[in-house]
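Trainee: Give the three-dimensional model of this entry:
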Amino acid sequence: MYRVTREISFCYGHRLLNYDGKCRHLHGHNGRLVVTLESSTLDARGMLVDFADIKRSVQRWIDDNLDHNMLLHKDDPVLPILIERGERVFVMNENPTAENIARLIFERSVELGLPVVEVQLWETENCHATYLGESRS
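Mentor: Down below sits the predicted model:
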């Protein structure tokens, strides 16, 4: 079995609903994403997936949708105000926790055709969440 991993850094803001700690307030993170792909075969070049292809697809999606953006739950009361003022927002059906953001990026990576097996999102240098997908949980 072969594995390749690509790290991608991006900045995002969020806040958590129904949460009694500091993260209930709007705040931001310098996130570090670690995407791991796996396959038992290699292509004609001897690669599982070219690192540049991972960057081109996953990082492009992150840059377009999450980087320098507010990630908010669809029921967040501040959402209409930010939209009205033309601010960038990415609306999630779930609370924008590190766990849910990791799952979101995992699912998008699968949709992009990548054989992703694991996504880690480092929210801070000491804290990260990992999503392995339904077949591995």
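Trainee: Isn't residue 132 up against residue 117?
Mentor: Yes. Between residue 132 and residue 117 there is a contact under Cβ atoms under 8 Å: 6.8 Å. C-beta here means a position set from N, CA and C on the backbone, and glycine is covered the same way.
Trainee: Find residues that contact each of these two.
Mentor: Common contacts of residue 132 and residue 117 (Cβ atoms under 8 Å, 6 or more residues apart in numbering): none found.
Trainee: Of those two, which one has the most company?
Mentor: In terms of neighbours (other Cβ atoms under 10 Å), residue 117 is the more surrounded of residue 132 and residue 117; the figures are 19 against 16.
Trainee: Using CSV, write down the CA coordinates of the helix or strand hosting the more buried one.
Mentor: Following DSSP states H and E, one finds residue 117 within strand 116-122. What follows is strand 116-122, C-alpha atoms only, in CSV (Å, rounded to 0.1, in the frame of the first residue of the first chain):
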residue,chain,number,x,y,z
VAL,A,116,-8.2,10.3,0.3
VAL,A,117,-8.1,8.2,3.4
GLU,A,118,-7.5,10.8,6.1
VAL,A,119,-7.7,14.6,6.6
GLN,A,120,-6.2,16.3,9.7
LEU,A,121,-7.0,19.9,10.4
TRP,A,122,-4.6,21.6,12.8
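Trainee: No further questions, thank you.
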